[in-house]
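> I need the structure of the sequence given here:
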Amino acid sequence: MSLLLLVVSALHILILILLFVATLDKSWWTLPGKESLNLWYDCTWNNDTKTWACSNVSENGWLKAVQILMVLSLILCCLSFILFMFQLYTMRRGGLFYATGLCQLCTSVAVFTGALIYAIHADEILAKHPRGGSFGYCFALAWVAFPLALVSGIIYIHLRKRE
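Sure, this is the predicted structure:
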C-alpha cells in the first residue's frame with residue numbers, strides 16, 4: 001500500500017510541475033525567429049536596440065479563456081493534493097478518495113479545454129504576430145498533463161484506504 005501511495009503522490013506532483021511550467025513559462029507559441037510567446041506577455045527581441053520588447057498579450061477573449069482555465073487547473077490540482085493528504089490522515093479504513101478524484105478529473109477537463117481552445121483559435125489569438133511558427137513546448141506539456149490528470153483522477157476514485 002505504501003508503494004501505491006508513493007506512486008500516486010509522485011504522479012500528482014509530476015502533474016503539478018507540468019501544469020506550473022505549462023502555465024507560467026514562455027513557450028506556448030514559437031515564432032519563426034526562435035522567439036516564443038506565452039499566455040501572459042508578448043516578448044520579442046529587438047535587433048536594433050538589442051533588448052527585449054515586452055507588451056501585454058492581446059485582449060482576445062479566447063486567450064483570456066485559456067488563461068483562466070490554466071490557472072483554474074493549477075488551483076484544482078493543488079486543492080486535490082491537499083484533499084488527498086487530508087483524507088489520507090483523517091479518513092477511516094476502507095474509505096474512498098472521491099473528493100480528490102473529482103478534483104483531479106475537473107483539473108483534466110480544465111487543461112483539456114484550455115489547450116483545445118488555444119489549438120482551435122490560435123490564428124485569432126496570434127493575429128497581431130507574423131504568420132508562421134508552431135506550438136511550443138508549454139502547449140505540449142499541457143497536452144501531456146491532461147491524460148495524466150485524467151488517469152490520476154480515475155486512480156483516486158478507485159483507491160481505497162487500507163491500514
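> and stretch 51-62, how far from the chain's centre?
In terms of C-alpha atoms, centre = their mean, to the nearest Å, the centre of stretch 51-62 is found 20 Å from the chain centre.
> from residue 40, how far off is the most centrally placed residue in the chain?
Closest to where the C-alpha atoms of the chain average out (C-alpha atoms, centre = their mean) is residue 19, at 3.3 Å. Going from residue 19 to residue 40 by C-beta to C-beta, to the nearest Å gives 15 Å. The C-beta positions use only the backbone N, C-alpha and C, and glycine is treated the same way.
> tell me the helix or strand right after the helix or strand of the chain with the lowest mean pLDDT.
Lowest mean confidence among the helices and strands of the chain (mean pLDDT, DSSP states H and E): strand 41-46, at a mean of 73. For strand 41-46, the following helix or strand on the C-terminal side (DSSP states H and E) is strand 51-56.
> so what does that following strand touch, helix or strand wise?
Packing contacts for strand 51-56, counted by 3 or more C-beta pairs under 8 Å, 6 or more residues apart in numbering; DSSP states H and E, involve strand 41-46.
> before we move on, the earlier item: show me the contacts for the residue nearest to the centre of the chain.
By C-beta atoms under 8 Å, 6 or more residues apart in numbering, residue 19 lies in contact with 70, 73-74, 77, 107, 111, 142, 145.
> OK, contacts around residue 101?
Residues in contact with residue 101 (C-beta under 8 Å, 6+ apart) are 80, 153-159.
> repeat that for 7 Å
Residue 101 is in contact with 153, 156-157, counting by C-beta atoms under 7 Å, 6 or more residues apart in numbering.
> output the longest helix belonging to this structure.
helix 61-90 (DSSP state H).
> so which helix or strand takes in the residue nearest to the centre of the chain?
With DSSP H and E as criterion, residue 19 is part of helix 2-24.
> please work out the average pLDDT along that helix.
Averaging pLDDT along helix 2-24 yields 91.
> buried residues in that helix?
Along helix 2-24, these residues count as buried under the neighbour rule (16 or more other C-beta atoms under 10 Å): 8, 11-12, 15-16, 18-20, 22-23.
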